[in-house]
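Colleague: The following block contains a protein sequence and its predicted model.
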Amino acid sequence: MPTPTPSAVFEALIHGIATGRRDRLHELYAENAEVRHAFGMVGTTAWHGSDEIREHFASPAAAALQFDVANLVIHRTDDPEVVIGEFDYHALIVATGKRFEVANIVVMRVRDGKIVESRDYHNHLALAHAVGRLPEVVAALG
């Protein structure tokens, strides 16, 4: 079986999140992978290694939202390992039925078919507002 391209790995990840198949998403990552959310709700958050990434995808908070992928554009770069993906998630809060949209950009390095590094830029303020955490986030920012 041929090694998947960085674009194919990127698509497998975001569509795996959208379809709720999170239990195996950690398999897309190398053992020593790093995922960083530079614009997290209250600062940078990061996961190091496939065990932390597996825990992240297994969290109950991850299952509280459902996503559809829209406006997907994947840009190839001069570095054959790196792709940049732009997309929107049309999201649903399962408990309330509330819908909202989140814009995203992800810069991902894929080597030998596995994600080794990902820099994720999501609109966490829109997410915090949608789930009712905006006052808490603003207070934490001081």
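Modeller: That came through, no problem.
Colleague: so how far is the helix or strand of the chain with the lowest mean pLDDT from its chain's centroid?
Modeller: Taking mean pLDDT, DSSP states H and E as the measure, the chain has helix 60-63 as its least confident helix or strand, at a mean of 72. A distance of 13 Å separates the centroid of the chain from that of helix 60-63, by Cα atoms, centre = their mean, to the nearest Å.
Colleague: Tell me which helix or strand L127 sits in.
Modeller: Taking DSSP states H and E as the criterion, L127 maps to helix 124-130.
Colleague: Give the buried residues for that helix.
Modeller: H124, A126, L127, A128, A130 (16 or more other Cβ atoms under 10 Å). The way it works is simple: take the backbone N, C-alpha and C, and place the C-beta from them, glycine included.
Colleague: The third one: what's its closest spatial neighbour, skipping adjacent residues?
Modeller: Nearest non-adjacent residue to L127, counting by Cβ to Cβ, 6 or more residues apart in numbering: V102, 5.6 Å away.
Colleague: Is the one you found bridged to anything, and to what?
Modeller: Y89 (DSSP bridges).
Colleague: Neighbours of it, how many?
Modeller: Around V102 there are 18 other residues, counting by other Cβ atoms under 10 Å.
Colleague: so what pLDDT did it get?
Modeller: V102 is assigned 90 on the pLDDT scale.
Colleague: which residues touch the nearest residue to V110 once chain neighbours are set aside?
Modeller: Spatial nearest neighbour of V110, chain neighbours left out: P6 (3.8 Å); criterion: Cβ to Cβ, 6+ apart. Going by Cβ atoms under 8 Å, 6 or more residues apart in numbering, P6 touches R76, P80, E81, V82, V83, M108, R109, V110.
Colleague: Could you rerun that using 7 Å?
Modeller: Neighbouring residues of P6 by Cβ atoms under 7 Å, 6 or more residues apart in numbering: E81, V82, V83, M108, V110.
Colleague: now those in CSV, with secondary structure?
Modeller: Output for the contacts of P6, formatted as CSV (DSSP: H, G, I helix; E, B strand; the rest coil):
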residue, secondary structure
E81, coil
V82, strand
V83, strand
M108, strand
V110, strand
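Colleague: Distance-wise, check the closest residue to G40 other than its chain neighbours relative to T44.
Modeller: Beyond its immediate neighbours in the sequence, the residue positioned closest to G40 (Cβ to Cβ, 6+ apart) is H124, lying 5.8 Å away. For H124, the distance to T44 equals 11 Å [Cβ to Cβ, to the nearest Å].
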